[in-house]
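In: sequence below, structure please.
(one chain, ligands or ions: 1)
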Amino acid sequence: MTPSRRQIAGKIATALPLLLALVAGPALAAPPKPLPERFDVAVTVDDLPDHGALPPGMTRLSITRDHMALFKAHGVVEAFGFVNGANADDPDSNAALDAWRAAGHPLGNHTATHLNIDRAASLEAWIADLQAGEPAVTSRMQGQDWRYLRFPNLSTGATRERHDGAAAWLKAHGYRIAHVSVSFDDWAYTDAYARCAAKGDTAAIKLMEDQYLKGVDDALVRMRAVSLKVYGRVIPQVLLTHVGGWSARMLPQVLDRLDAAGAHYVTLAAAQKDPAYAQAEQWLGGDGIMERTARNTGVDLSALPPALSKPVDPQGLCR
Ligand SMILES: [Zn+2]
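Out: So this is what the prediction gives:
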């Protein structure tokens, strides 16, 4: 049976827009940008309640409220906050911790005084500081799962004595380690931002913003590249940020960039279910888990795009 003239005319009418689009090319309809490949990421925030110097006009509570509002706006399901209990010593700091919990986000331990395990006088002294940090957390996490430790400076112990001693104590006391796989070095800008804001040095702040956001972009590219090289896949990530004035200022743009890069927010427990996290615990030293794993398994990262470069050291600005 041959098609009727009407059927042929109908087929041409159906195909015509497609043909025109093919001939006219992108001028008619620009092809949609390919969506970035989605990746899971847990958000963690260190040095609660008071990371670094305060810029004028900000309080510990205002910084925390800004974080809470932005996390909500971007669908961050959980932001695990790690507390230095010794700093919860004034009403503003305590109000900030309460606001964190009121927003439904959990708290964990970051030791009382931010004591680096490798700088402690002994393993016992470090454990005592860790335990002194517990009340500020437990008083706000009753009935909740709070037993996570974030090691100060990400140092997990540089000797077998410290590393394995800490690991055994943490395990015996029901603690899990809160690892890190990606960060943007926001901490390096915190005090400089407070100084520059106090001086009204807008040029220095603009320089810091441009450099920092370029670093965020570079870090997100490197994150994928390192993960593919070390694991052959993009593992669920754990992001480290700090609860300071700089982070509060930059968080809108940082979260926009994470969203654009394909971020899908998950809990810390969900991210760390990936075996990459448990695997990294056996090795001494610090850093994020991907770098630590590369170092200990002989994976060469030197050909990958650079990490966070700081052509201008923010620590020297606005002195
Ligand atoms: Zn810290």
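In: so where do the strands sit in this structure?
Out: Counting by DSSP state E, the chain forms strands over residues 39-48, 79-83, 107-109, 148-149, 176-177, 182-183, 237-242, 263-266, given from the N-terminal end onward.
In: let me have the ones you listed in TSV, extended by mean neighbour count, mean pLDDT and distance to M58.
Out: All C-beta atoms are positioned from the backbone trio N, CA, C, and that covers glycine. Compiled in TSV, the strands of the chain are given as follows (neighbours: other CB atoms under 10 Å; pLDDT from 0 to 100; distance: least, CB to CB, whole Å):
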stretch	mean neighbour count	mean pLDDT	distance to M58
strand 39-48	24	98	15
strand 79-83	26	98	17
strand 107-109	25	98	21
strand 148-149	22	98	27
strand 176-177	19	98	31
strand 182-183	20	97	22
strand 237-242	24	98	14
strand 263-266	19	98	25
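In: for the protein, give me the ranges with low pLDDT.
Out: Along the chain, the parts satisfying pLDDT under 70 run over 1-29, 33-35.
In: now do the residue of it found nearest the ion against L123, distance only.
Out: Nearest to the ion, among the residues of the chain, is D46, at 4.0 Å (CB to the ion). Using CB to CB, to the nearest Å, we find D46 at a distance of 22 Å from L123.
In: can you dump the C-alpha atoms of stretch 97-111 in PDB for me?
Out: Listed next in PDB are the C-alpha coordinates belonging to stretch 97-111 (Å, rounded to 0.1, in the frame of the first residue of the first chain):
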ATOM      1  CA  LEU A  97      25.200  26.900  69.200                       C
ATOM      2  CA  ASP A  98      21.500  26.900  70.200                       C
ATOM      3  CA  ALA A  99      20.500  28.500  66.900                       C
ATOM      4  CA  TRP A 100      22.400  25.700  65.100                       C
ATOM      5  CA  ARG A 101      20.400  23.100  66.900                       C
ATOM      6  CA  ALA A 102      17.100  25.000  66.600                       C
ATOM      7  CA  ALA A 103      17.600  24.800  62.800                       C
ATOM      8  CA  GLY A 104      17.700  21.000  63.200                       C
ATOM      9  CA  HIS A 105      21.400  20.500  62.300                       C
ATOM     10  CA  PRO A 106      23.600  18.200  64.500                       C
ATOM     11  CA  LEU A 107      26.700  19.000  66.500                       C
ATOM     12  CA  GLY A 108      29.800  16.900  67.000                       C
ATOM     13  CA  ASN A 109      33.100  17.200  68.900                       C
ATOM     14  CA  HIS A 110      36.200  19.100  67.600                       C
ATOM     15  CA  THR A 111      38.000  19.000  71.100                       C
END
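In: how near is A269 to R233?
Out: A269 is 20 Å from R233, where distance means CB to CB.
In: hmm, I typed the wrong one, I wanted L130.
Out: Between L130 and R233 the distance is 34 Å, computed by CB to CB.
In: the two - which one has more neighbours?
Out: Of the pair L130 and R233, L130 is the one with more neighbours under other CB atoms under 10 Å, namely 26 against 10.
In: that one reaches N109, doesn't it?
Out: Yes. With contacts counted by CB atoms under 8 Å, L130 reaches N109, the gap being 6.4 Å.
In: spit out the residues that contact the two alike.
Out: Taking CB atoms under 8 Å, 6 or more residues apart in numbering as the contact rule, L130 and N109 both touch L149.
In: got the contact list for the residue nearest to C196 when sequence neighbours are not counted?
Out: Counting by CB to CB, 6 or more residues apart in numbering, the nearest residue to C196 once its immediate chain neighbours are dropped is C318, at 4.1 Å. Contact criterion CB under 8 Å, 6+ apart gives A192, R195, C196, A198, K199, D201, A204 as the residues in contact with C318.
In: at 6 Å instead, please
Out: By CB atoms under 6 Å, 6 or more residues apart in numbering, the contact set of C318 is R195, C196, K199, D201, A204.
In: distance of the first one from P311?
Out: Which is R195. To P311, R195 is 19 Å away according to CB to CB.
In: give me the more crowded residue out of those two.
Out: Between R195 and P311, counting by other CB under 10 Å, R195 is the more crowded of the two (18 against 7).
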